[in-house]
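> How does the following fold in three dimensions:
(one chain, ligands or ions: 3)
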Amino acid sequence: MALIQFWKLRASVRSASRAWGCAPVMVGSKKSQHTVAGGSRNWQLLDDCFELQYGGQVMHFNYVWLRDHCRSASCYNSKTNQRNLDTGSIALDIRPTKTRVDEENLFLTWPDGHITRYNLAWLAKNSYQGQKSSAIQPRILWNSEIYTNAKVPSVSWEKFMSCDDELKTFLSNFLLYGIAFVEDVPATIDDTETVTKRVSIIRETIYGRMWSFTSDFSRGDTAYTKLALDRHTDTAYFQEPSGIQVFHCLRHEGTGGRTLLVDGFYSANRVLEQSLENFELLSRVPIKHEFIENLGTQVNHMIGIGPVLSVYPWNNEVYMMRYNNYDRAVINTVPHNVVQRWYAAHRHLTDELRKPENELWVKLKPGKVLFIDNWRVLHGRESFTGFRQLCGCYLTRDDVLNTARSLGLQA
Ligand SMILES: C[N+](C)(C)CCCC[C@H](N)C(=O)O
Ligand SMILES: O=C(O)CCC(=O)C(=O)O
Ligand SMILES: [Fe+2]
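Ligands and ions are numbered 1, 2, ... in the order given. Sure, this is the predicted structure:
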């Protein structure tokens, strides 16, 4: 019941957001509509917001927002890129006493005499409408054919380690496809660590910093067996699942053991195209994943709570998928009348994820290091025989994106 109320609230917030457009009310007796020479910009003071037409877009700016984002030296420290202004001191019914727009700027005078100047292009770029029309992270969603036809070049160890452009190419492909390979890496744990550190700092977890595993049952998890593993994302049981997983197969003397990769966002997008209801069930119903193991010397118990699909509410862009049927915990966060619909939505996603045309199979070999976006691309493996040793580590997504941004990429 509580959950349904929560949904209603969310739904009303959403419809409110759609209805946020403002009624054209005159402020005082002043004429409020203006067309500036050139005709490319047009603005009016509405009762509850400032409306700006600029660059072919109509944008609305709330007055508290306009006061809050003032970039004057007293309100904003441009050396540290931090706000000085105490947002708590802004009257929630604040309105400018004077407004002026010239070719490039909007000038607002506030009741206390403070003047705020906004560059119009800055406003357009930072408006809700501007944000809504572009993806936070541009991606190429793929199935096996799309990925194969793209012929994404792999990068090679030596150039990767010495040349920033090579790292940039690698990261740009990683951001677009959610997977990327470095070839010719010496088959040791140390060199795998070195190649990884070129990308970002390593995230230490209960599995250690760099880990290496075989089918020795050393941990309470089926990864440490020779069994096949269906597609999944790792560490769904962390409150913040690991952003990136790095795999390097150091040895395999035997058969099988191929790695399966599936673009989870491609399938999520199919669900969105086919059923908004299913997409919303997957993106709004929080469920638990759990990991419990007793190592004798140490007991590990991890719980992560969140929806299968984490999405930005303003554009339904998926930014994280938690999909791990092995580690999914008892569902006790969903009322009985929603559970059936949730299972149907989960089945819809599962059917998409399992389509053979969405499966990319690769055989990891010594030298070939695979980076997987664990918030997006699911991995699995074929059962195998013989001795097989895989090493790797987890990375935090923030740190990888930080490296990408430092190289000028949009991330
Ligand atoms: C990668 N490494 C072998 C260290 C850990 C494997 C963790 C497996 C776990 N079921 C999960 O999906 O998170
Ligand atoms: O053995 C493999 O190829 C992968 C196993 C797995 O899913 C994991 O370690 O996260
Ligand atoms: Fe895994």
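
> which residues are contacting stretch 270-280?
Contact with stretch 270-280 is made by 268, 282, 309, 316, 341, 344-345, 348-349, 352, as judged by CB atoms under 8 Å, 6 or more residues apart in numbering. No exception for glycine: its C-beta is placed from N, CA and C like everyone else's.

> let's see it at 7 Å
For stretch 270-280, contacts defined as CB atoms under 7 Å, 6 or more residues apart in numbering pick out 282, 316, 344-345, 348-349, 352.

> Secondary structure element for the residue nearest to the spatial centre of the chain, which one?
Centroid-nearest residue in the chain, with CA atoms, centre = their mean: Tyr319, separated by 2.9 Å. Assigned by DSSP states H and E, Tyr319 falls within strand 317-321.

> pLDDT on that strand, on average?
Average pLDDT, strand 317-321: 98.

> Same question for stretch 215-225.
For stretch 215-225, the mean pLDDT works out to 94.

> does that stretch come close to ligand 2?
Yes - using CB under 6 Å from any ligand atom, stretch 215-225 reaches ligand 2 at Ala223.

> Tell me the buried residues in that stretch?
For stretch 215-225, the buried set under the neighbour-count rule, 16 or more other CB atoms under 10 Å, comprises 215, 219.

> could you list every residue that touches the residue lying closest to Phe174 once chain neighbours are set aside?
Excluding its sequence neighbours, the residue lying closest to Phe174 (CB to CB, 6 or more residues apart in numbering) is Ala180, at 3.9 Å. Counting by CB under 7 Å, 6+ apart, Ala180 touches 170, 173-174, 371.

> From ligand 1, how far out is Ala180?
18 Å (CB to the nearest ligand atom, to the nearest Å).

> what helix or strand does that residue sit in?
Per DSSP H and E: strand 179-183 holds Ala180.

> what does the average pLDDT come to for that strand?
Strand 179-183 comes out at a mean pLDDT of 98.

> Check which residues of it are buried.
Residues of strand 179-183 classed as buried: 179-182 (neighbour count, 16+ other CB under 10 Å).

> Quick check: the residue nearest to Phe174 vs Gly257, distance?
Ala180 sits 21 Å away from Gly257, going by CB to CB, to the nearest Å.

> can you check Asp190 too?
According to CB to CB, Asp190 stands 23 Å off from Gly257.

> neighbour-wise, which of those two wins?
Neighbours were counted for Asp190 and for Gly257 using other CB atoms under 10 Å; Gly257 has more, 20 against 10.

> Grab the nearest non-local neighbour of the more buried one.
Phe384 (3.3 Å).

> so that neighbour touches Arg258, yeah?
No - the pair Phe384 / Arg258 is not scored as a contact, 8.4 Å apart, by CB atoms under 7 Å.

> domain parsing for the chain?
Using the TED database, the domain ranges for the chain come out as 43-126, 144-407.

> what residues does the stretch 201-350 of the chain put near ligand 2?
Taking CB under 6 Å from any ligand atom, the part of the stretch 201-350 of the chain that reaches ligand 2 is made up of 223, 229, 234, 259.
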